[in-house]
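Asks: I would like the atomic coordinates for the input below:
(one chain, ligands or ions: 1)
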Amino acid sequence: MTAIIRTVTGDIPADACGVTYCHEHLVLDSPLIELRFPDIHLNDDERAIREVAACAEEGVHTMVDAMPCSAGRSGTRLAAISEKTGVRIIAATGLHHDRYYGPEHWTNGSSVQELAELFVQDVVRGIDQFDYTGPVVARTSHRAGIIKVATSGPQLNDRDKRILRAVSIAHERTRAPILTHCEGGEGGPEQVAFLADHGVDPTRVILSHIDKDATAERIKDLVASGAYLEFDQSLRQDDRVDAPSIVLLREAVELGASERIVLGTDGARRSLWTAWAGGPGLAWLYARYRQLLVDSGIPQVVVDGFFVANPAYALSFDPVMA
Ligand SMILES: [Zn+2]
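Replies: Numbers count the residues shown, from 1 in each chain. Down below sits the predicted model:
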C-alpha cells in the first residue's frame, strides 16, 4: 500500500498535501471550554470558514486540526469547513491536557486498552458523531488522520504515561502519526523517549509548541530526539526577522534539522483570528512568516520544505486494517 494522508473528507496521496499548516484549531466547542476558557471557545463555523478561506487565498491547501477526543472536536463540522473552503483538514484522535476534561471525566477511569481501542476506531472507522461525550457512539464517515497526546511538563506524570501508552498502541495498530503537545514547550524529548521504549519510531512523532519559551540549550535535545519539530508560536510574536521563534528555528536548521521542521499557528484564540476581529490572522503564517524566514537568511527552498515536503512525510502513513 502506498503512503496516504488521511483527511476528514478522505485519503489523499502523501505528495498531494501541498502547503500544509500542522497545528490549527478550527472547532473547539465544549461546555467546559466555553465556561473556563472563553477566548479559545471556537464555536462559529461561519467565521472558521472565512478564516480558512483567507488562508486558501494565500495558497494554503491542508491543515491539521489538533483537537482530539471529547473536548470540543467535531469531525462533521471540520468536514463541512473543508468542503466550503477547499482546504483539506486532518482531524485528530487521542487526548489533550487534563485541563480540558476535569477531574470527573470518564477518561480518567478508562484502561489503556479501552482508550487505545477508541483511538483506533476513530482512525479506521470514523469519528463519533457525539465525540465520545455520551454513552452512545455513532460513527461518521470522517476519520482521524493523526493521534494527539499532551503531557503536563518536563516530567511525565502517571496520566501522561497512561495516555502515551494508549497512543503507542493505537499507532502500532493504525500506523497513523503522533502529534504531541509540549506544555510550556517542555517534555518533548521525554515524550519521544517514552514512545520509543514502546516501539514508536521517533520520525513518526511531531512535537508541538517547541518554540514556546524554548532556549538554545533545549533545542539541541529536541533536534537529537529525531522527531519532527513544530514551530507554532510565531503569530503571538513580533513581525520581525529576529523574533524568538525565528532565532530558535535558525538554531535548529544549523543543527541539521531542516528536513524535520514543520509549522503551524496553534491559532486557538479568537484574538488571533481576523474573522473574530483579532489578528494577525491564520493566513499570516504563509503570507508573511514565510517571507520573514527567507529574510532571516534561510534559503527559499528550505523554507518551502517546512510548508510542503516535510509535512508530507510527517503526516503520511501506510494504513493497516486494525
Ligand atoms: Zn494546540
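Asks: buried residues in the worst-scoring helix or strand of the chain on mean pLDDT?
Replies: When the helices and strands of the chain are scored by mean pLDDT, DSSP states H and E, helix 216-224 comes last with a mean of 92. For helix 216-224, burial by neighbour count (16 or more other C-beta atoms under 10 Å) applies to 218, 219, 222, 223. In short, each C-beta sits where N, CA and C put it, glycine included.
Asks: where does the prediction get shaky in the stretch 1-150 of the chain?
Replies: For the stretch 1-150 of the chain, the stretches flagged by pLDDT under 70 are 1.
Asks: now flag whichever of the buried residues of helix 216-224 is closest to residue 42.
Replies: Nearest to residue 42 out of the buried residues of helix 216-224 is residue 222 (C-beta to C-beta; 28.3 Å).
Asks: the closest one touches residue 229, doesn't it?
Replies: Yes: counting by C-beta atoms under 8 Å, residue 229 is a contact partner of residue 222 at 5.7 Å.
Asks: now for the least confident helix or strand of the chain, which elements pack on it?
Replies: Counting contacts by 3 or more C-beta pairs under 8 Å, 6 or more residues apart in numbering; DSSP states H and E, helix 216-224 packs against helix 188-197, helix 244-254.
Asks: right, and those helices - which one's nearest the ion?
Replies: helix 188-197 (14.2 Å; C-beta to the ion).
Asks: helices and strands around the closest one, which ones?
Replies: By 3+ C-beta pairs under 8 Å, 6+ apart, helix 188-197 packs against helix 158-174, strand 178-181, strand 205-208, helix 216-224.
Asks: quick one: buried residues of the longest one?
Replies: Yep, that's helix 158-174 we're talking about. Going by 16+ other C-beta under 10 Å, helix 158-174 has these buried residues: 159-160, 162-171, 173-174.
Asks: could you grab the helix/strand/coil label for the nearest residue to residue 32 once chain neighbours are set aside?
Replies: Computed as C-beta to C-beta, 6 or more residues apart in numbering, the closest residue to residue 32 that is not its neighbour in sequence is residue 102, at 6.2 Å. Under the three-state scheme (DSSP: H, G, I helix; E, B strand; the rest coil), residue 102 adopts coil.
Asks: and residue 102, how many residues sit next to it?
Replies: 11 (other C-beta atoms under 10 Å).
Asks: same question for residue 233.
Replies: 22.
Asks: quick one: residues contacting the closest residue to it other than its chain neighbours.
Replies: Once flanking residues are discounted, residue 233 sits nearest to residue 211: 4.6 Å by C-beta to C-beta, 6+ apart. Applying C-beta atoms under 8 Å, 6 or more residues apart in numbering to residue 211 gives the contacts 185, 231, 232, 233, 234, 244, 245, 248, 249.
Asks: give me the three-state assignment for residue 211.
Replies: For residue 211, the secondary-structure state derived from three-state DSSP is coil.
Asks: follow-up on the earlier one: could the buried residues of helix 158-174 go into CSV alongside distance to the ion and pLDDT?
Replies: What follows is those, written out as CSV (distance: C-beta to the ion, whole Å; pLDDT from 0 to 100):
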residue, distance to the ion, pLDDT
159, 18, 97
160, 16, 98
162, 21, 98
163, 16, 98
164, 17, 98
165, 22, 98
166, 19, 98
167, 16, 98
168, 21, 98
169, 23, 98
170, 19, 98
171, 19, 98
173, 25, 97
174, 21, 97
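Asks: can you redo those as CSV with distance to residue 312?
Replies: Converted to CSV, the buried residues of helix 158-174 look like this (distance: C-beta to C-beta, whole Å):
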residue, distance to residue 312
159, 33
160, 29
162, 32
163, 27
164, 26
165, 29
166, 27
167, 22
168, 23
169, 26
170, 22
171, 19
173, 23
174, 19
